[in-house]
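A.B. asks: Sharing a model that was predicted from the sequence below.
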Amino acid sequence: QVQLVESGGGLVQAGGSLRLSCVASGRPFSKYGAGWFRQAPGKEREFVARISKSGSFSDYADSVKGRFTISRENARDTLYLQMNSLKPEDTAVYYCAASGRTFLSTTAERSDWDYWGQGTQVTVSS
């Protein structure tokens, strides 16, 4: 089992920045691909970004490309999401996730992800 705990959410004005963190425990984090998803009120949970086990490869939803950056620090068992130029439509609960699949075989589908955190709220005011 892998436990994931997110932090770093909060209230920010449009155009501002936040950095989310997700600390993993239970098994070596380097054995898992990792990603971020988000869920806005009344909407389905959606993919935001993912990163390979080594951190060499990453992928983003079109809605966040150029504004968000996913990274990881395996020595600290930690995943990050740097969010810049935030917009009100970025308001959501953000979840980190881990997958034992390879990067190429992991998609944005929730069923590809094995472990989930409890989420952290991000609110962007206009």
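C.D. replies: Perfect, thanks for sending it. Numbering: from 1, shown residues only.
A.B. asks: Just the pLDDT for residue 74.
C.D. replies: On pLDDT, residue 74 comes in at 97.
A.B. asks: mind checking how far it is from residue 112?
C.D. replies: 20 Å (CB to CB, to the nearest Å). (C-beta placed from N, C-alpha, C; glycine too.)
A.B. asks: With residue 3 instead?
C.D. replies: With CB to CB as the criterion, residue 3 and residue 112 are 19 Å apart.
A.B. asks: Show me which of those two is the more surrounded one.
C.D. replies: When neighbours are counted by other CB atoms under 10 Å, residue 112 comes out ahead of the other of residue 3 and residue 112, with 17 against 13.
A.B. asks: which non-adjacent residue is nearest that one?
C.D. replies: With sequence-adjacent residues excluded and distances taken as CB to CB, 6 or more residues apart in numbering, residue 112 is closest to residue 106, at 4.9 Å.
A.B. asks: got it, and residue 32?
C.D. replies: Nearest non-adjacent residue to residue 32 (CB to CB, 6+ apart): residue 98, at 4.0 Å.
A.B. asks: Right, I'll call it a day here.
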